[in-house]
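Enquirer: heads up, no residue letters with this:
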């Protein structure tokens, strides 16, 4: 059974407090003199002007940018992260980051959707499970039924009626864009890209199982525009975010995409 990035079922939705107590300050007082002294001090304090800053809580320390906490970012200057709360999640967040010198800066962020059955470790994922593979991957090229956004630098292939993605394990073109469909790739084991004009209006190929394909591991994993709900293994974002990402990615910056969870053995920081 081929992987398809699109699930026709109805949409899935997701959702996105310190309490403090104060201990009594006058407990244990044993003399009237002590209480009187405290009362006088309090009254005097009311007569002394204070700046608003004196009452401001200290600002929390800024957290380290996610790329600086990762085991690997691909060695380039651009990174896309896709994070889910856990392996069972079908929603999460995509962020894209730019490195300036030794510092990473977040360029943008968007809500994301994952596979209908959540996520799975990329190195052991099985095809046809409707799971999004975790791991760190390159981004070979972009494609779309719509024209490429202004400023696009990554190679961008226009989708034609004859454009397919082969997911046939028996084919020599397994996990490859093909145009036209070759004779050894069964149509029922491939995805005709033009059949999904909304989702594939703009997309980036995620290099999962791409450079040295392992049959049965999975094929056709993309970052693409949202459909009606969860995907069958891809990552999807709103159309406006997808256009921004495609126009932002620069091959010279060696962009990569990291997919993972917030914690545990598939935490995005471990890849």
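Expert: That came through fine. Quantities reported herein were computed from a predicted structural model and do not represent experimental measurements.

Enquirer: which residues does the residue nearest the centre of the chain contact?
Expert: The chain has residue 82 as the residue nearest its centroid, 1.6 Å off, counting by Cα atoms, centre = their mean. By Cβ atoms under 8 Å, 6 or more residues apart in numbering, the residues touching residue 82 are 92-94, 112, 114, 132, 223, 235, 257-260, 268. Yep, even glycine has a C-beta here, placed from its N, CA and C like the rest.

Enquirer: got it, and residue 215?
Expert: Contact analysis of residue 215 by Cβ under 8 Å, 6+ apart lists 169, 174.

Enquirer: Please apply the same query to the one 3 residues further on.
Expert: With contacts defined as Cβ under 8 Å, 6+ apart, the neighbours of residue 218 are 3, 125, 126, 127, 128, 129, 133, 175, 208, 209, 233.

Enquirer: For the residue lying closest to residue 129 once chain neighbours are set aside, the count of nearby residues, please.
Expert: Closest residue to residue 129 apart from its sequence neighbours, by Cβ to Cβ, 6 or more residues apart in numbering: residue 117 at 6.0 Å. Around residue 117 there are 17 other residues, counting by other Cβ atoms under 10 Å.

Enquirer: thinking again about what came up before, please identify, among the contacts of residue 82, the one with the most neighbours.
Expert: Top of the contacts of residue 82 by neighbour count (other Cβ under 10 Å): residue 132, with 36 neighbours.

Enquirer: ok, now which ones touch the residue nearest to residue 129?
Expert: 129, 130, 131.

Enquirer: can you pick the most crowded of those residues?
Expert: residue 131 (24 neighbours).

Enquirer: Excluding chain neighbours, give the residue nearest to residue 197 in space.
Expert: Leaving aside its sequence neighbours, residue 197 sits nearest to residue 145 (Cβ to Cβ, 6+ apart; 4.6 Å).

Enquirer: show me where pLDDT drops low in the stretch 51-200 of the chain?
Expert: The stretch 51-200 of the chain contains residues with pLDDT under 70 at 51-62.

Enquirer: ok, so of the contacts of residue 117, who is nearest residue 201?
Expert: Using Cβ to Cβ, residue 130 comes nearest to residue 201 of these, at 21.9 Å.

Enquirer: Count the residues that sit near the residue nearest to residue 251 when sequence neighbours are not counted.
Expert: Take residue 251 and drop its neighbours on the chain: the residue closest to it by Cβ to Cβ, 6+ apart is residue 154, 5.6 Å away. Using other Cβ under 10 Å, residue 154 has 19 neighbouring residues.

Enquirer: these two touch, right, residue 154 and residue 142?
Expert: Yes. Look at residue 154 against residue 142 with Cβ atoms under 8 Å: they come within range, at 5.0 Å.

Enquirer: what's the overlap in contacts for these two?
Expert: Listed contacts common to residue 154 and residue 142 are 204, 246, 249; contacts here mean Cβ under 8 Å, 6+ apart.

Enquirer: can you list contacts of stretch 221-228?
Expert: By Cβ under 8 Å, 6+ apart, stretch 221-228 touches 3, 5-11, 80, 82, 94, 113, 132-133, 139, 196, 198-206, 208-209, 233-239, 242, 245, 257.

Enquirer: can you pull the buried residues of it?
Expert: 221, 222, 223, 224, 225, 226, 227 (16 or more other Cβ atoms under 10 Å).

Enquirer: now stretch 98-111
Expert: 98, 99, 104, 108, 110.

Enquirer: re the thing from before, which element follows the helix or strand harbouring the residue nearest to the centre of the chain toward the C-terminus?
Expert: Element membership of residue 82, judged by DSSP states H and E, is strand 78-84. Following strand 78-84 in sequence order, the next helix or strand is strand 91-100 (DSSP H and E).

Enquirer: Against which helices or strands is that following strand packed?
Expert: Counting contacts by 3 or more Cβ pairs under 8 Å, 6 or more residues apart in numbering; DSSP states H and E, strand 91-100 is packed against strand 78-84, strand 103-113, helix 239-248.

Enquirer: Contacts made by the helix or strand just after the longest one with the rest, please.
Expert: Reading on from strand 103-113 to the C-terminus, the next helix or strand found by DSSP H and E is strand 119-121. Here strand 119-121 makes contact (Cβ under 8 Å, 6+ apart) with 84, 87, 89, 126, 129, 131-135, 259-261, 265-266.
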